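Q: the amino acid sequence is not available; the structure is as follows:
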């Protein structure tokens, strides 16, 4: 199992609300939405565009390449039934940490209420 890795300070995300970090060979896009930080693999699985350059809307990041909309929590793209890898995130004080091991759903997530 991978270890938690410090990747940013929370104040770095509040300015632009998103940031790209590299941990080993993993390019990770961080998104601050409300008081929560999400982490997705930055390179879109569809057309290899940077998700950090996308738009965050209604709990999803919209890829600037072909407008696939990935759920920030799960990485799931509902219309295409594809999954963008995500990373586990925790915030301790001002420090943002991730486990740099990709998580990928193989089927649609349960519907949230």
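A: The structure has been received and is ready for your questions. Just so you know, these numbers come straight off a predicted model, no measurement behind them.
Q: tell me what the least confident helix or strand in the chain by mean pLDDT is packed against?
A: The weakest-scoring helix or strand in the chain, judged by mean pLDDT, DSSP states H and E, is helix 10-16 (a mean of 84). In this structure, helix 10-16 packs against strand 26-33, strand 95-103, with contacts taken as 3 or more Cβ pairs under 8 Å, 6 or more residues apart in numbering; DSSP states H and E. Quick note: C-beta positions are derived from backbone N, CA and C, even for glycine.
Q: which secondary structure elements does the last one contact?
A: So the one you mean is strand 95-103. strand 5-9, helix 10-16, strand 18-23, strand 26-33, strand 36-41, strand 86-92.
Q: now do the fifth one: everything it contacts.
A: The one in question is strand 36-41. 10, 13, 26-31, 51, 61, 70, 72-73, 75, 84-89, 91, 96, 98, 102 (Cβ atoms under 8 Å, 6 or more residues apart in numbering).
Q: compute the inter-axis angle for that strand and strand 86-92.
A: Counting by axes from the mean of the first three to the mean of the last three Cα atoms, to 10 degrees, strand 36-41 lies at 150 degrees to strand 86-92.
Q: the next helix or strand after strand 36-41 packs against which elements?
A: Remark: after strand 36-41, the chain's next helix or strand is strand 55-57, criterion DSSP states H and E. Strand 55-57 is packed against strand 60-62, with contacts defined by 3+ Cβ pairs under 8 Å, 6+ apart.
Q: residues near residue 38, how many?
A: 22 (other Cβ atoms under 10 Å).
Q: my error: substitute residue 31 in the last question.
A: For residue 31, using other Cβ under 10 Å, the count is 20.
Q: surely it is in contact with residue 14?
A: No: using Cβ atoms under 8 Å, residue 31 is not in contact with residue 14; the gap is 11.8 Å.
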